[in-house]
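S.K.: Show me the folded form of this:
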Amino acid sequence: MDILRTEIIEIQKVRSSLIKWRIVIISALGATGLGIIKLPNSEITYNNIILLSCIPIVCIYVDLAYFNYSIIITGI
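M.R.: Residues are numbered from 1 along each chain as shown. Predicted coordinates for the structure are as follows:
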């Protein structure tokens, strides 16, 4: 029983880490895409649009990973 408890705690730590990384990655993509962080020799181009369009993809990926860990916890 103690092994299951420690496993659930470790999975919850991974889930909270996923949420932290989601915020960091979305902030970095948004700041770069909006031009707040200047890349060398960059103007508003299609690269910025591509960066901004990656935000929903990153959100979906992290949400699916978070959901996967939720299923693992439910299975335990």
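
S.K.: Quick check: phi and psi at the most centrally placed residue in the chain.
M.R.: Centroid-nearest residue in the chain: R22, 2.5 Å away (criterion: C-alpha atoms, centre = their mean). Main-chain torsions, R22, degrees, to the nearest 10: phi -60, psi -50.

S.K.: That one and C59 touch, don't they?
M.R.: Yes. Assessed by C-beta atoms under 8 Å, R22 is found in contact with C59 at 7.0 Å. Every C-beta, even on glycine, is put in place using the N, C-alpha and C of the backbone.

S.K.: about what we covered before: roughly how far does the residue nearest to the centre of the chain sit from L52?
M.R.: Distance of R22 to L52, given as C-beta to C-beta, to the nearest Å: 16 Å.

S.K.: Tell me who's in contact with I8.
M.R.: The neighbours of I8, taking C-beta atoms under 8 Å, 6 or more residues apart in numbering as the test, are I73, I76.

S.K.: Show me where the protein has its helices.
M.R.: Here the chain has its helices, by DSSP state H, at 2-34, 46-75.

S.K.: Next, the angle helix 46-75 makes with the first one.
M.R.: Between the axis of helix 2-34 and that of helix 46-75 there is an angle of 170 degrees, by axes from the mean of the first three to the mean of the last three C-alpha atoms, to 10 degrees.

S.K.: Now helix 2-34: buried residues?
M.R.: R15, L18, R22, I25, I26, L29, T32, G33 (16 or more other C-beta atoms under 10 Å).

S.K.: likewise the shortest one?
M.R.: In terms of neighbour count (16+ other C-beta under 10 Å), helix 46-75 has its buried residues at N48, L51, C54, V62.

S.K.: Off-centre distance for it?
M.R.: Helix 46-75 has its C-alpha centroid displaced from the chain centroid by 6 Å (C-alpha atoms, centre = their mean, to the nearest Å).

S.K.: for the record, mean pLDDT for it?
M.R.: For helix 46-75, the mean pLDDT works out to 87.

S.K.: Equivalent analysis for the first one, please.
M.R.: Taken as a whole, helix 2-34 has a mean pLDDT of 89.

S.K.: Please renumber the chain so that the first residue is 897 from this point on.
M.R.: Yep, numbering from 897; the last one is helix 898-930 now.
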